[in-house]
Each structure stands twice: as C-alpha cells, then as structure tokens.
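A.B. asks: All I have is the shape, not the residue letters:
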C-alpha cells in the first residue's frame, strides 16, 4: 500500500522540493499538500529539478480531505509532550507500527508547516504522533530533513544493522613470511640493519608485519613494492 | 569522543546551514569544511539562523588536514559500487561500526560536494565508505538531508525500535456495561429501538461497545455524553 506523505501548509518551495526529493530517494511517490502557500507550491512544481513525485503531487484544502482514504493517520511533532491525549511515540517505535499497518492499508504521514508544525486541529485528525528523537534544546527540524529522516526509518533494514561486516580474505602466513624475508633483505642492503644484530631485528620485523593485519590483496601489493626496491638497491 | 562532520567543497550556503542545523538537532558540534565555495561559506555563517555549530565551524584547505587528528575516517557515497577497494557498507551497518570506534577515538564522517560527491582522491583518505540505502534509480541525496539521515542513524536507539507501545488503561467491564445500559435507554427513548425487539438489540449494542476497545478515559467521556443526551431526551 502506498504511503501518503502529507505536507500541511508548507511555506517554502525549497522545502516542498526537498520533501519530494527525499520521497523519490527512498521510493515513495504519493505527495499530498494541504493549503500550501500558493506561490511556494507553484514555484516548487515549476523548478527545473522537480521530478515525478512533485509533478504528481495533489493539493487539498483541508487535512480531512487529504487523509479521507487512509485507515491510519500519523502526525509528526517536535514537542516532547503528549498533545490531545494522542499516543506519542519515538520515531523508531512509531515507524515500526506504521510499517505494519502499511502492509495492508493506506497510511498518511503528516508534517506541519515550517514555523508552527501541526496545529491542535491538524493533530485531532491523527491516530497517533511520531517524534524524531532530536535534542530537547533544539528539537525543531528543517521540514525537508524531517521528511528524509522519517522515510529513511521506514525503509531502513534492521537486519542490515546487525549484519557482520563482510569477511575479507586475509593474507596467508606464507605471504607474510615472504614479505618478512624480503623486507629483511631490503633493510640489510640499505644499511638499516647492521650485521650481527640481524637475529633480533628479523623477529621484530616478523611481528611488525603480522600486526599490519593485511588482506591477501594488499600483501601482494607490498611484495611487489619490496621486490622492486630490493632489485633497485642491488 | 566528538564526531567531526566534514563537508568537502560544498557549494550551496543553504546546504551548509542545513548540515549545521541537523548537527545541532542531533547533538553534534564539530563541523569542518574543506575548500568551501567562499561566498557560500561566508553567506551561511552570516545567516540570521546560523547557530553555534556553524559559528564554530573550522575551515581547512585539504581533506588530509581536516582529518589529521582522527583515527577513523569514513566517507559517504551514493554509488553502489566499491571504489578504490574500500569496504562499502550500508548506513545501518557502517554506523554501528562507526559508533563503536567513536566511543574511544575521534572519527571523521565525510560528505562530498552537492554535484560530484567525494572524489577518488577524497576517498583515498577514508578507511571505509558508507552508503545511505536510497533507490538505485535515484540514489543522489540532497547534502543537508544526507547529513541528517546519517546523524539520525548514529543517535537512533535500537532498543526504542523494539519497544512495545506503552500500555494504556483499558475501560473496565463495569464501565462498558454502564455504557451499554445507557445507550440502550437512549436508543429506546429516541425511538431507534422498537419495543419487542429490545432483547436482540441489547446484545448487539453490548458487542458493538466491546469492539470499540475503549480506554478508561474515553469510556468516561462516552458515559458523560450519553447521560447528557438521555437527560435531554427525557
């Protein structure tokens, strides 16, 4: 089911455009705008970069009309307190519930105007409220950024967060020992190691190279570089 | 340890301002800017809304200098392919690793210019790359929005995502039965229910009210409304 992103009374064409761009980035297409500042809406729609999402945006004259076909209406707020006895949830929790509903029914996600956010009247059309967990001292987010963060939470993959970083192919002990030998020769030829103290130095070099934790690919690169240096030194 | 947010060659003062705002929203303060378009940087700094983050932003003439004091340098890219043999991770995974490092060492998070992103040269200063999981067909995000989404992922609380919605106090069977009785009287008095069929209707009403799944508070409100209506009807 498509998510309806509803901007209530937006004033700034750049924000309308930014909301549309984030929707396109994250794969959402139904943009609805309630009572936009008309100049802003026209300007946003006619912007060179305006793409499909914005071109197809629908305009409504009230929140009631904009959400009429939705079975769940969720408002966003930057305030930490519960308004109008609505359930108020952190984005992480609220988005999970929203996604569950979205699987089988249309859902509206409302954003208020840049200056005032959603009014109490707007919120009374909502079943629940979402709060992006910004700092209390500076909770008010830019509209375009708030839309981007909410939509990101919706498409975010919890499994990816738990994923282990992909394993890389580590260098074999054989490669590391070849490196150790060649580096030892290079150091001897260049005069870094003095004859007679070679034994302890070669142990130091062996440990130094093991601590590099090289990938198989990088060990090969190092071997190539060291061979060339040794060739030149001789 | 503070995170250093590094904007490389940003062109648009609004984006520099938006990045700073998102940082303030999510509690990050160290903004570094490399080779900004000078007019943009001055304009952003002098904007009325520019707050502490932007005022304290430091300017550098190369990526190397901007990240010199960091022990982990992570670049952001919108491209899905691996560049320069760097580990490329989805934001969900990469942010987790970044947070782990950030607990005990300074980390830099790099964002490229609006038009070109990070160059191969910029990326060669990075230990790994992050990719916001946007659509392949439209992966390029607005700079301010990309910063907001990455920082949100860093402050996001995984425990909150698993949290159960807070329990609410449900109406007691006693309250629901009182509502059932009063609604039945209202319907009888108003002529909705005809004498003789009252029995089956009262069962229907009882079930109707149970399906409302009312909270204790809302059941009280309904009782008040129904009592008033009944009083007026008589």
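C.D. replies: Yes, it's here. Bear in mind that the values here come from a model prediction, so they are computed numbers and not experimental data.
A.B. asks: Centre of the chain to the strand or helix carrying residue A:218, how far?
C.D. replies: Counting by DSSP states H and E, the element that carries residue A:218 is helix A:216-233. Distance of helix A:216-233 from the chain centroid (Cα atoms, centre = their mean, to the nearest Å) equals 39 Å.
A.B. asks: what's the answer for stretch A:7-27, then?
C.D. replies: Distance of stretch A:7-27 from its chain centroid, counting by Cα atoms, centre = their mean, is 17 Å.
A.B. asks: Which positions within it qualify as buried?
C.D. replies: In terms of neighbour count (16 or more other Cβ atoms under 10 Å in any protein chain shown), stretch A:7-27 has its buried residues at A:7-26. C-beta coordinates here come from the backbone N, C-alpha and C atoms, glycine included.
A.B. asks: does any part of that stretch sit near chain B?
C.D. replies: Yes - contact of stretch A:7-27 with chain B (Cβ under 8 Å from any Cβ of the partner chain) involves A:14, A:18, A:21, A:22, A:24, A:25, A:26, A:27.
A.B. asks: how close does the last one get to residue B:134?
C.D. replies: I take that to be residue A:27. As for residue A:27, its distance to residue B:134 is 8 Å (criterion: Cβ to Cβ, to the nearest Å).
A.B. asks: And the second one, by the same measure?
C.D. replies: Counting by Cβ to Cβ, the gap between residue A:18 and residue B:134 amounts to 14 Å.
A.B. asks: same deal with residue A:218?
C.D. replies: Applying Cβ to Cβ to residue A:218 and residue B:134 gives a distance of 31 Å.
A.B. asks: list the contacts for residue A:15?
C.D. replies: A:7, A:114, A:142, A:143, A:144 (Cβ atoms under 8 Å, 6 or more residues apart in numbering or on different chains).
A.B. asks: Now do the helices for chain A: every range, in order, please.
C.D. replies: Counting by DSSP state H, chain A has helices at residues A:13-26, A:38-46, A:52-55, A:63-66, A:91-102, A:120-123, A:143-155, A:158-162, A:173-190, A:198-211, A:216-233.
A.B. asks: picking up where we left off before, can I get the residues of stretch A:7-27 next to chain B in CSV with pLDDT and distance to residue A:167?
C.D. replies: Listed next are these as CSV, based on pLDDT from 0 to 100; distance: Cβ to Cβ, whole Å:
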residue, pLDDT, distance to residue A:167
A:14, 88, 44
A:18, 93, 39
A:21, 93, 36
A:22, 95, 34
A:24, 93, 34
A:25, 94, 30
A:26, 95, 29
A:27, 94, 30
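A.B. asks: List the contacts of the residue positioned nearest the centre of chain A.
C.D. replies: Nearest to the geometric centre of chain A sits residue A:152, at 6.4 Å (Cα atoms, centre = their mean). Residues in contact with residue A:152, defined by Cβ under 8 Å, 6+ apart, are A:26, B:132, B:149, B:152, B:153.
A.B. asks: again with residue A:54
C.D. replies: A:16, A:17, A:20, A:31, A:44, A:45, A:47.
A.B. asks: and these, which two are the farthest apart?
C.D. replies: Pairwise distances across the contacts of residue A:54 (Cβ to Cβ) peak at 13.9 Å, for the pair A:31 and A:47.
A.B. asks: Of the two, which one has the most company?
C.D. replies: Per other Cβ atoms under 10 Å in any protein chain shown, whichever of residue A:31 and residue A:47 has more neighbours is residue A:31, with 23 against 15.
A.B. asks: still on that earlier bit, including distance to residue A:77, could the helices of chain A go into TSV?
C.D. replies: Shown next, in TSV, are the helices of chain A (distance: least, Cβ to Cβ, whole Å):
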stretch	distance to residue A:77
helix A:13-26	17
helix A:38-46	22
helix A:52-55	24
helix A:63-66	14
helix A:91-102	11
helix A:120-123	7
helix A:143-155	10
helix A:158-162	24
helix A:173-190	57
helix A:198-211	52
helix A:216-233	50
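A.B. asks: Can you get me a residue count around residue A:105?
C.D. replies: Residue A:105: 12 neighbours (other Cβ under 10 Å).
A.B. asks: hang on, it packs against residue A:71?
C.D. replies: Yes - if you go by Cβ atoms under 8 Å, residue A:105 and residue A:71 touch, sitting 4.2 Å apart.
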